[in-house]
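Chemist: after the sequence you'll find the predicted model.
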Amino acid sequence: IFMSVFFTYLGLVNGDSFATIGNKIQNDLFTACQGSWKVWPIVHLINFKFVSNKWRIPYINAVQIAFNMFLSLLGTKKA
């Protein structure tokens with residue numbers, strides 16, 4: 001749901017039509033999900049196994065910023 005909302009918001013901000021946004025979601029959502037499946041399990045494994053309680057939220061936030069950059073790049077690439 002997050003990625004669909006993300007791509008919709010990005011398309012609306014760029015002035016894209018709903019048809020263009022729908023095509024973008026169809027074309028790129030699976031790639032974004034694959035990226036998520038590759039990143040987040042490892043990130044959480046590291047987080048719970050090695051990161052102290054004090055640094056867990058900053059660690060997750062830093063990874064989330066990097067992942068949002070990936071989504072932004074994916075969302076702005078031309079078809």
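Modeler: Great, that's in hand. Everything quoted here is computed from the prediction, not taken from an experiment. Numbers count the residues shown, from 1 in each chain.
Chemist: look up phi and psi at Lys71.
Modeler: One correction, residue 71 is Leu, not Lys. phi -60, psi -40 (degrees, to the nearest 10).
Chemist: nearest residue to Leu29 in space, please, no chain neighbours.
Modeler: Using C-beta to C-beta, 6 or more residues apart in numbering and skipping the chain neighbours, the partner closest in space to Leu29 is Met3 (5.9 Å). C-beta: built from backbone N, CA, C; applies to glycine.
Chemist: let's see the pLDDT reported for that neighbour.
Modeler: On the pLDDT scale, Met3 is placed at 90.
Chemist: what is the one helix or strand it maps to packed up against?
Modeler: According to DSSP states H and E, Met3 maps onto helix 2-13. Applying 3 or more C-beta pairs under 8 Å, 6 or more residues apart in numbering; DSSP states H and E, one finds that helix 2-13 contacts helix 18-50, helix 56-76.
Chemist: which residues are contacting it?
Modeler: Applying C-beta atoms under 8 Å, 6 or more residues apart in numbering, the external contacts of helix 2-13 come out as 20-21, 24-25, 28-29, 32-33, 36, 71-72, 75-76.
Chemist: in ChimeraX, how would I select the buried members of the residues you listed?
Modeler: Selection command for ChimeraX covering only the buried members of these, criterion 16 or more other C-beta atoms under 10 Å:
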select :21,24,25,28,32,71,75
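Chemist: nearest to Trp55 among the contacts of helix 2-13?
Modeler: Ser36 (22.3 Å; C-beta to C-beta).
Chemist: neighbours of Asn47, just the number please.
Modeler: 16 (other C-beta atoms under 10 Å).
Chemist: got a list of what it touches?
Modeler: 56, 59-60.
Chemist: correct me, but Thr31 touches Leu73?
Modeler: No. Under the criterion of C-beta atoms under 8 Å, Thr31 is not in contact with Leu73, lying 11.0 Å apart.
Chemist: more neighbours, these two?
Modeler: Thr31 (13 against 9).
Chemist: about what we covered before: for PyMOL, what selects the buried ones among the contacts of Asn47?
Modeler: Here is the PyMOL command that picks out the buried ones among those, judged by 16+ other C-beta under 10 Å:
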select buried, resi 59
